[in-house]
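Peer 1: prediction below, plus the sequence it came from.
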Amino acid sequence: MTKIDLITGVLGSGKTTFLLKYARHLIDSGENIAVLENDFGAVNIDMMMLHELKGEHCRLEMIAGGCDADCHRRRFKTQLISLGMQHFDRVIVEPSGIFDMDEFFDILHESPLDNWFEIGSIITVADGEADEELSPQMEYLLGSEAACCGKLVISKISGEADSALTQRILDHVNTALEKIRCDRRLALRDVVAKDWESFDDDDYRTLCSAGYRGSSYIKKYSPEDIESSVHYFMHIAIPKERIEEVIADIMGDDSCGSIFRIKGALPADNGWLKINATREKTEISPVPVGQPVLIVIGDNVSREDIDCHLKPLNTDSEYVSI
């Protein structure tokens, strides 16, 4: 049977960055894998970020967004049926940061998927730089996505792991689990806390065999109820030297909302620039393919105020924001 892994984590936690490293290790180890981007969004920038994985031993697939929950579920199952018939060694699913875990388990118990797939690892990425208290909805997502994980991987650790940081994140997750009346409590043995650049073969073996835990909890919200919003700013052309500046201005402008991530791609002289920004840092790097869009994720996001930052610098006459 094909192993299927699920990589979860709230918006901006670092799922895609982790997936890049995890998938690259599997490919380098000789496995034939597929990556399925399972996103409710209308534009899937993470698919562009993963483009470098595409090759003889890695297939990239995505579920187009912009549909209702039932349609999305059907598309998810259809993609898994297609991948199951191709006999990969492993399929990795990266859902949106707003995800109902029941969808994953329910679909895998349906025919014919129950004959083709077995759950390998459920890995939850927890933001090492997250605030100690999130909005109620984000606290719910943090708890519900960690409830069944085999390993909790802490992101954004540089150098040696800080035991105080590890304990703080662990306490935060366990508090989130308590809020949704989940009996499970994670312990240090459930956590991987080290700089991802220093992962070795033993670390990856641990992750590949992480498994999962069946845990119940109170479902406070459905994905459609989550108020944290995602806005799309499309057809953007901004001078390269001004990109980091305008992102910092948007992040620092309270009228734009409580923004915790801006990601996307912008045209450059000889290709594209991948944008991945949080409040802590902005990463800009060249990529071979792209789509002129910035995706802004946060609470109480004001599209109109962000327009005011982008429009004066934008030279693409077809600019639109939704």
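Peer 2: Alright, I've got the coordinates. Computed from a predicted model, the values in this text were never measured in an experiment.
Peer 1: okay, and the helix or strand of the chain with the least pLDDT?
Peer 2: None of the helices or strands of the chain scores lower by mean pLDDT, DSSP states H and E than helix 45-49, at a mean of 58.
Peer 1: past that one, which element shows up next along the chain?
Peer 2: Moving toward the C-terminus from helix 45-49, the next helix or strand (DSSP states H and E) is strand 58-63.
Peer 1: what residues does that next one touch?
Peer 2: Applying Cβ atoms under 8 Å, 6 or more residues apart in numbering, the external contacts of strand 58-63 come out as 23, 27, 32-39, 44, 47, 50-51, 53-54, 72, 75-76, 79, 82-83, 86, 88. Placement of C-beta: from N, CA and C, glycine included.
Peer 1: buried among those? Make that a PyMOL selection.
Peer 2: Only the buried entries of the contacts of strand 58-63 go into this PyMOL selection, using 16 or more other Cβ atoms under 10 Å:
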select buried, resi 23+27+32+33+34+35+36+37+38+39+44+47+50+53+72+75+76+79+83+88
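Peer 1: sort out for me which of the contacts of strand 58-63 are in helices.
Peer 2: Per DSSP state H, helices hold the following members of these: 23, 27, 47, 72, 75, 76, 79, 82, 83.
Peer 1: any regions of the stretch 1-150 of the chain where pLDDT drops low?
Peer 2: Flagging of the stretch 1-150 of the chain using pLDDT under 70 yields the residue ranges 39-49, 64-67, 97-98.
Peer 1: what ranges do the helices span in the protein?
Peer 2: According to DSSP H, the helices that the chain contains are 15-28, 45-49, 69-84, 101-108, 113-116, 136-146, 163-179, 201-208, 240-252, 303-310.
Peer 1: re the thing from before, want to throw the ones in helices among the contacts of strand 58-63 into CSV with distance to residue 169?
Peer 2: Listed next are the ones in helices among the contacts of strand 58-63 as CSV, based on distance: Cβ to Cβ, whole Å:
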residue, distance to residue 169
23, 24
27, 29
47, 28
72, 30
75, 33
76, 29
79, 32
82, 37
83, 33
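Peer 1: which two of the residues you listed have the greatest separation?
Peer 2: Taking Cβ to Cβ as the measure, those span a maximum distance of 28.0 Å, between 27 and 72.
Peer 1: residue 320 contacts residue 234, doesn't it?
Peer 2: Yes: the pair residue 320 / residue 234 is scored as a contact, 5.3 Å apart, by Cβ atoms under 8 Å.
Peer 1: more crowded one of those two?
Peer 2: Taking other Cβ atoms under 10 Å, residue 320 and residue 234 do not tie; residue 234 has more neighbours (18 against 12).
Peer 1: quick one, what contacts residue 50?
Peer 2: 16, 19, 20, 23, 35, 37, 60.
Peer 1: measure residue 50 to residue 125 for me?
Peer 2: Note on residue 50: its distance to residue 125, by Cβ to Cβ, to the nearest Å, is 15 Å.
Peer 1: residue 34 too?
Peer 2: 20 Å.
Peer 1: what do you get for residue 117?
Peer 2: Computed as Cβ to Cβ, the residue 117 to residue 125 distance reads 22 Å.
Peer 1: same check on residue 172?
Peer 2: From residue 172 over to residue 125 (counting by Cβ to Cβ), the distance is 14 Å.
Peer 1: neighbour count winner among these two?
Peer 2: Taking other Cβ under 10 Å, residue 172 and residue 125 do not tie; residue 125 has more neighbours (28 against 21).
Peer 1: how about residue 220, nearest residue that isn't a chain neighbour?
Peer 2: Nearest residue to residue 220, sequence neighbours excluded (Cβ to Cβ, 6 or more residues apart in numbering): residue 140, at 4.9 Å.
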